[in-house]
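>>> What would the 3D arrangement of this be:
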Amino acid sequence: MSNTTAPTNERRKFLKLAILGGAGAAMASEVVRGHQQSSNSTVESVGQTATGTENTLVRMQQDVKRTMSKPLSSRSWMMVVDPRRCIGCNACTVACKAENVTPPGVSYRTVKEIETGKFPNISRIFKPTNCAQCDNPPCMKAAPPGAIYKRPDGIVAVDYAKFTSREAFETARRACPYSALYYDDGSFYTEDTPGGVQPFETRQFDEYESKYERKHGQEPMGSVRKCHFCLHRLNAGMLPACVSTCIGGAMYFGDKNDPQSLVSEMLARHYIFDINETMNTRPRLVFVLDDMPDVSRPSCAECHY
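Okay, here's the model as predicted:
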């Protein structure tokens with residue numbers, strides 16, 4: 001009797017795992033299918049025909065490549081975020097840190113959480129945010145001369161060699177209404193581990209239009225750092241890392257001077273607002289406010305200070 005019971009139990013376990021595995025595969029298939037449909041519906045919602053493999057990422061990358069064929073002075077980069085699509089997974093945050101090899105305490109991309117309403121009718125939204133690449137950047141006015149400068153394509157850039165003062169950093173950081181400036185103090189995530197600092201924290205990486213390695217005595221260690229819309233990726237005809245990694249398709253990027261770009265259509269078709277718009281910073285990072293009546297401008301501004 002014991003000889004027949006054991007195989008029977010094992011058979012039952014196997015069948016149970018098979019059923020669960022099949023259900024998991026089905027769910028995964030639905031998730032992928034749902035994401036594809038979501039991407040396609042987004043394309044259609046801005047007047048595009050979704051055929052074959054076309055989706056928002058493909059279209060935005062085509063937009064970037066088309067813009068990169070124009071002179072630098074004719075480019076005008078812009079990012080539009082739709083909080084309704086953000087699921088708060090922080091994949092963009094991780095992608096940004098990996099792309100730009102940022103140390104502890106430095107994160108060009110963060111995802112804010114906002115609670116609205118009153119108990120028991122409370123809801124929460126997630127708001128991905130980074131440097132707004134302002135056309136009237138208060139940080140530039142507060143920084144040492146030439147330490148922060150505005151590029152013709154709209155990106156606000158940092159000169160690492162000119163922006164090393166911790167005191168000057170604090171002044172500029174307080175001037176920024178978007179909490180976008182960070183200081184690279186030379187620390188590492190793995191410096192106190194048995195194996196010491198790991199290669200992934202000292203590997204060569206691109207920022208702006210140069211190559212760097214985080215080694216003591218070398219830039220950008222001891223310098224101020226911030227988001228730059230992944231300029232090095234744009235130069236290669238690629239989208240910013242955060243945009244290409246977003247699971248929910250919450251971010252749109254492109255050239256606002258290009259009427260054919262998806263980002264231009266987003267700006268034209270949706271109710272767009274700027275955070276801290278009364279400060280007249282004229283940011284290039286804006287948000288969709290459609291269908292979110294409970295989210296007011298003041299509530300959005302609070303978590304950006």
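>>> contacts, neighbours, all on C-alpha from now
Fine.
>>> Give me the contact list for stretch 190-206.
99-101, 103, 188-189, 211-215, 232 (Cα atoms under 8 Å, 6 or more residues apart in numbering).
>>> please redo it, this time with the cut-off set to 7 Å
100-101, 188, 211-215, 232 (Cα atoms under 7 Å, 6 or more residues apart in numbering).
>>> show me where the stretch 51-200 of the chain has helices.
For the stretch 51-200 of the chain, applying DSSP state H, counting those that start in this stretch gives helices covering 56-68, 91-100, 138-142, 166-175.
>>> hmm, back to that, adding distance to residue 199, write the contacts of stretch 190-206 out as JSON lines.
Formatted as JSON lines, the contacts of stretch 190-206 follow (distance: Cα to Cα, whole Å):
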{"residue": "100", "distance to residue 199": "14"}
{"residue": "101", "distance to residue 199": "11"}
{"residue": "188", "distance to residue 199": "11"}
{"residue": "211", "distance to residue 199": "16"}
{"residue": "212", "distance to residue 199": "14"}
{"residue": "213", "distance to residue 199": "10"}
{"residue": "214", "distance to residue 199": "10"}
{"residue": "215", "distance to residue 199": "11"}
{"residue": "232", "distance to residue 199": "21"}
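>>> and the two most separated of the residues you listed?
The span of the contacts of stretch 190-206, defined through Cα to Cα, is set by 188 and 232 at 23.3 Å.
>>> returning to that earlier point: of the helices of the stretch 51-200 of the chain, which is nearest residue 81?
Using Cα to Cα, the nearest of those to residue 81 is helix 91-100, at 12.3 Å.
>>> Show me how far the closest one is from its chain's centre.
Centroid separation for helix 91-100 versus its chain: 8 Å, with Cα atoms, centre = their mean, to the nearest Å.
>>> which helices and strands does it pack with?
Contacts defined by 3 or more Cα pairs under 7 Å, 6 or more residues apart in numbering; DSSP states H and E place helix 91-100 against helix 241-245.
>>> What lies in contact with the helix it packs on?
57, 91-92, 95-96, 99, 230, 251-252.
>>> Among the contacts of stretch 190-206, which one sits closest to residue 139?
Looking across the contacts of stretch 190-206 and measuring by Cα to Cα, the closest to residue 139 is residue 100, at 21.0 Å.
>>> OK, contacts around the closest one?
Neighbour list for residue 100: residue 205 [criterion: Cα under 7 Å, 6+ apart].
>>> Distance of it relative to residue 125?
Residue 100 sits 27 Å away from residue 125, taking Cα to Cα, to the nearest Å as the criterion.
>>> So what would you say the end-to-end distance of stretch 265-273 is?
15 Å.
>>> From residue 254, how far out is residue 267?
Distance of residue 267 to residue 254, computed by Cα to Cα: 11 Å.
>>> neighbour count winner among the two?
residue 254 (29 against 18; other Cα atoms under 10 Å).
>>> Parallel or antiparallel, which strands does the helix or strand hosting that one pair with?
Secondary structure assignment for residue 254, by DSSP states H and E: strand 251-255. If you go by DSSP bridges, strand 251-255 pairs up with strand 77-81 (antiparallel).
>>> how many degrees apart are the partner strand and helix 56-68 in direction?
Our comparison of strand 77-81 with helix 56-68, counting by axes from the mean of the first three to the mean of the last three Cα atoms, to 10 degrees, yields an angle of 160 degrees.
>>> Mind checking the pLDDT average for strand 77-81?
For strand 77-81, the mean pLDDT works out to 97.
>>> who's in contact with that strand?
For strand 77-81, the external contacting residues (Cα under 7 Å, 6+ apart) are 153-154, 250-256, 263, 284-288.
>>> Just the buried residues of those.
Among the contacts of strand 77-81, the ones that count as buried by 16 or more other Cα atoms under 10 Å are 154, 250-256, 263, 284-288.
>>> Take the residues you listed and lay them out in TSV including distance to residue 167 and pLDDT.
Below are these laid out as TSV (distance: Cα to Cα, whole Å; pLDDT from 0 to 100):
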residue	distance to residue 167	pLDDT
154	27	97
250	36	95
251	34	95
252	35	97
253	34	98
254	35	98
255	35	98
256	36	97
263	38	96
284	27	96
285	27	96
286	30	95
287	32	94
288	36	93
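>>> Now the two most distant members of the residues you listed.
Checking these with Cα to Cα, the most distant pair is 154 and 250, at 21.5 Å.
>>> Flag the shaky bits of the stretch 1-150 of the chain, pLDDT-wise.
For the stretch 1-150 of the chain, applying pLDDT under 70 flags the ranges 1-54.
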